[in-house]
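Peer 1: just coords:
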């Protein structure tokens, strides 16, 4: 399926959910969770590395979202950009957890084919599938804003404007973060292949 068609379908689903939430939060919230739980869990897991912690943080994200929705007037609910709003909550939950634990979020493996698709030789694919720990280490070495932008772009599959809204950074900065993060990872991969 074409990525644009999928994004349009997701936007339509979100628009319907927002309209329904404005009239019936309790009756609609389960549908919101079903529509977004897999994407949020996947992105959070790559930010924290631990599947159990990611499940807990995903659940906390939805609990906070529910509480916020219950406090909003219907007009405000109708104006939400649902995916951006949920990712903003998720990133705040992840950061809060990291502060509470006194540690930085760790990275799990991204879908490497999406990150460094220019290196599609069989040797590179074999290296990518065999060396998950290397990727985790390299991702964790990226500055936090680049790591977050890369994960949201290639795991969460958010647009640049959605990432900008979720991280509260300008779109140009987000594009730069993704570009620079990918360039660093690509250069490190080339160095690894050549050694």
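Peer 2: The structure has been received and is ready for your questions. Predicted model only: the values in this text are computed from it and were never measured. Numbers count the residues shown, from 1 in each chain.

Peer 1: so residue 57 touches residue 92, yeah?
Peer 2: No: Residue 57 lies out of contact with residue 92 (CB atoms under 8 Å); the separation is 10.3 Å. In short, each C-beta sits where N, CA and C put it, glycine included.

Peer 1: So the two - more neighbours on which side?
Peer 2: residue 57 (22 against 14; other CB atoms under 10 Å).

Peer 1: Which neighbouring elements make contact with the helix or strand encompassing the more buried one?
Peer 2: Taking DSSP states H and E as the criterion, residue 57 maps to helix 51-71. Contact partners of helix 51-71 among helices and strands, from 3 or more CB pairs under 8 Å, 6 or more residues apart in numbering; DSSP states H and E: helix 25-48, helix 82-101.

Peer 1: Export those helices to CSV and append columns for distance to residue 172.
Peer 2: Converted to CSV, the helices and strands packed on helix 51-71 look like this (distance: least, CB to CB, whole Å):
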stretch, distance to residue 172
helix 25-48, 22
helix 82-101, 17
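
Peer 1: leaving aside the residues next to it on the chain, what's closest to residue 184?
Peer 2: In space, and not counting its chain neighbours, residue 184 is closest to residue 142: 6.3 Å by CB to CB, 6 or more residues apart in numbering.
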